[in-house]
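> I would like the atomic coordinates for the input below:
(one chain, ligands or ions: 1)
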Amino acid sequence: MTNNYNETTTDIVVLGAGLTGLTTAHYLNKFNQKFIVLEKQAQAGGVIQSTAENGFIYENGPNTGVVGNTTVVELFEDLTGKCELEVGGDNVNKRFILKNAKWEPLPQGPKDAITTTLFSLKDKFRILGEPFRPAGKDPHENLASFVKRRMGKSFLNYAIDPFIIGVYAGDPNYLIPKYALPKLYDLEQKYGSLIGGSFRKKMQGKTPEEKKVTRKVFSCANGLGSLTKALYQSAGSSNFVLGAENISVHPFEGGYIVSYQNTNGDLFRIKAKKVISTVGAYALGKILPFIDQSALTKIESLLYTKVIELAIGFNHWQGQELDGFGGLIPSLEKRDILGVLYMSSLFEHRAPEGGALLSIFMGGVRRQDLIQLNDAEITRIAERECRELLGLKRFEPDLFKIIRHNRAIPQYGVESGARFSTIHLLETQYPGLQIGGNLRNGIGMADRIKQGKELALNAL
Ligand SMILES: Cc1cc2nc3c(=O)[nH]c(=O)nc-3n(C[C@H](O)[C@H](O)[C@H](O)COP(=O)(O)OP(=O)(O)OC[C@H]3O[C@@H](n4cnc5c(N)ncnc54)[C@H](O)[C@@H]3O)c2cc1C
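You can find the predicted model right below:
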């Protein structure tokens, strides 16, 4: 090592302080480990950032998570007193799908599924036969074909397509169920049927811990940023280096040397036994220069969709009633927005009394081009869609924010199998190195929390 570096030693270096890295850090601290987190940005949280402004609290990234596994439950228990979990109101199951430019309620049970106009009569009968249809044999069948085969075309167009837009801003023709929706894939593979498999899983007993997994939609009092702030505190803020640039990791004497620069250009080197990366696939080439090009290509081929997020607030709402989660727009409807979340209807204090806060999404896999629009063009689209779809006569918002995400959500396509096996190989080849983050193990917040804990446990 040369002398112009400031040198330190630790046991574990975590790269990235988004939800994954923060959760890993929270658990490393809980397990009394010695570690340092390096984060490129000046603040922790990654894509999760909430802003309070003029009586509104809006999100710049994800808006809601799901209490979808036991680690989410445990994490919020750990953070009691530091961050208040807020679950969506009683109206959370009121969700709408646009059909022929009109909002139709998404069926909430078998009775609604029979009467809904979203699905064709033929497909309603077809669904009755779903448990008797043979399981697919192609592990790389795409989601569109999978759903058409089991449930029918109208179910694909007016249930799964908008669902995928809501979760992935994605396209069912691109996503592979085995990688993107493994629970769904496993239902068919294990039980031979989605309906039969769900029923049999429901019948299986649950541990007291599993019973706490409510699958409720959550945010936090004052927005999701409260969660990442609480994690930053609980993990020990002195364990973090923010504004760490030009990070580069090199294997060294059975461990690793991690070098980086701070914002003043000072150079640092950390000698560590283990390294856990939680950064995006696109950043790995620079950070892990010792990985050979063919392995890197298999990881970097992951497609991240571009998304434009709009936070739109009104002090006095004068459009249609906003009661529920919000609405999603199937691709067939050919609109310029993907959907709208009624944030002030779901959670407390998101807008002034009598006002409204909307979160609108544009772009996604099918309309990656929209990210290039300038602010005036985006505003025009928002105005037109709010007038036509939300019954607003005048579009004069009191809050209007445009947040562009150039690498928003990874799309687990057919290349994912090679990515997962390459990561596994690299982790075997380089003991002590873990490559986590949303390039594997799921993209949702609950997935990130679950993986964050696993990364910490694996490093013990
Ligand atoms: C617009 C949007 C909406 C979403 N909506 C939802 C939703 O409603 N529900 C849901 O469950 N999920 C949602 N998601 C997905 C979910 O938010 C993410 O999967 C999750 O927050 C990602 O956390 P992460 O820590 O893995 O990654 P990130 O948040 O991306 O964090 C990675 C961190 O690594 C840092 N980093 C990157 N490169 C380097 C480098 N070279 N050196 C050092 N640090 C680096 C970054 O600055 C960042 O802080 C949404 C995502 C987006 C973008």
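
> how about the closest residue to the ligand within the stretch 51-200 of the chain, phi and psi?
Using Cβ to the nearest ligand atom, the closest approach of the stretch 51-200 of the chain to the ligand is made by Pro62 at 3.1 Å. All C-beta spots, glycine's among them, are computed from the backbone N, C-alpha and C. Main-chain dihedrals, Pro62, degrees, to the nearest 10: phi -60, psi 150.

> how about it, what does it touch?
For Pro62, the contacting residues are Val47, Ile48, Leu224, Met445, taking Cβ atoms under 8 Å, 6 or more residues apart in numbering as the criterion.

> Return the subset of the residues you listed lying in helices.
Among the contacts of Pro62, the members found in helices (DSSP state H) are Met445.

> near the ligand, which of the contacts of Pro62 show up?
Of the entries in the contacts of Pro62, the ones placed beside the ligand under the rule of Cβ under 6 Å from any ligand atom are Val47, Ile48, Met445.

> can you put those in CSV and add neighbour count, pLDDT and distance to His316?
Rendered in CSV, the data for the ones next to the ligand among the contacts of Pro62 read as follows (neighbours: other Cβ atoms under 10 Å; pLDDT from 0 to 100; distance: Cβ to Cβ, whole Å):
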residue, neighbour count, pLDDT, distance to His316
Val47, 20, 98, 31
Ile48, 25, 98, 29
Met445, 24, 98, 32
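
> Closest to Gln189 out of those?
Using Cβ to Cβ, the shortest approach to Gln189 within the ones next to the ligand among the contacts of Pro62 belongs to Met445, at 26.2 Å.

> Pull the contacting residues for that closest one.
Met445 makes contact with Leu19, Ile48, Pro62, Gly65, Val66, Val72, Leu224 under the criterion Cβ under 8 Å, 6+ apart.

> again, only this time at 10 Å
Going by Cβ atoms under 10 Å, 6 or more residues apart in numbering, Met445 touches 19-20, 23, 48, 61-62, 64-68, 72, 218, 224, 227, 438.

> Leu38: which element?
Secondary structure assignment for Leu38, by DSSP states H and E: strand 35-39.

> Which is the succeeding secondary structure element to that strand?
Sequence-wise, the next helix or strand beyond strand 35-39 is strand 50-53, with elements assigned using DSSP H and E.

> And for that next one, what's in contact with it?
For strand 50-53, the surrounding residues in contact (Cβ under 10 Å, 6+ apart) are 57-63, 219-220, 222-229, 311, 313, 349-350, 398-399, 401, 403.

> So what are the sheet partners of that strand and their directions?
Taking DSSP bridges as the criterion, strand 50-53 forms sheet pairs with strand 56-59 (antiparallel).

> now check the strand it pairs with, is it near the ligand?
No - Strand 56-59 is not in contact with the ligand by Cβ under 6 Å from any ligand atom; minimum separation 8.0 Å.

> Quick one: list the elements packing against the strand holding Leu38.
Packed against strand 35-39, as judged by 3 or more Cβ pairs under 10 Å, 6 or more residues apart in numbering; DSSP states H and E, are the following elements: strand 6-15, helix 19-30, strand 240-242, strand 245-252, strand 255-261, strand 267-277.

> how about a cut-off of 7 Å?
Based on contacts counted as 3 or more Cβ pairs under 7 Å, 6 or more residues apart in numbering; DSSP states H and E, the elements that strand 35-39 packs against are strand 6-15, helix 19-30, strand 240-242.

> so can I have TSV of the ones you listed showing distance to the ligand and mean pLDDT?
TSV is the format used below for these (distance: least, Cβ to the nearest ligand atom, whole Å; pLDDT from 0 to 100):
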stretch	distance to the ligand	mean pLDDT
strand 6-15	5	97
helix 19-30	4	98
strand 240-242	9	98
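
> Of the ones you listed, which is nearest Pro177?
If you check each of those against Pro177 by Cβ to Cβ, helix 19-30 wins as the nearest, at 23.1 Å.

> residues in contact with the closest one?
Residues from elsewhere that reach helix 19-30 (Cβ atoms under 7 Å, 6 or more residues apart in numbering): 12, 14, 35, 37, 44, 46, 48, 75, 228, 231-232, 234-236, 239, 276, 278, 436-438, 445, 448-449, 451-453, 455-456, 459.

> hey, where'd the helices end up in the stretch 201-350 of the chain?
Under the criterion DSSP state H, counting those that start in this stretch, helices of the stretch 201-350 of the chain are mapped to 208-211, 225-234, 284-287, 293-300, 343-346.
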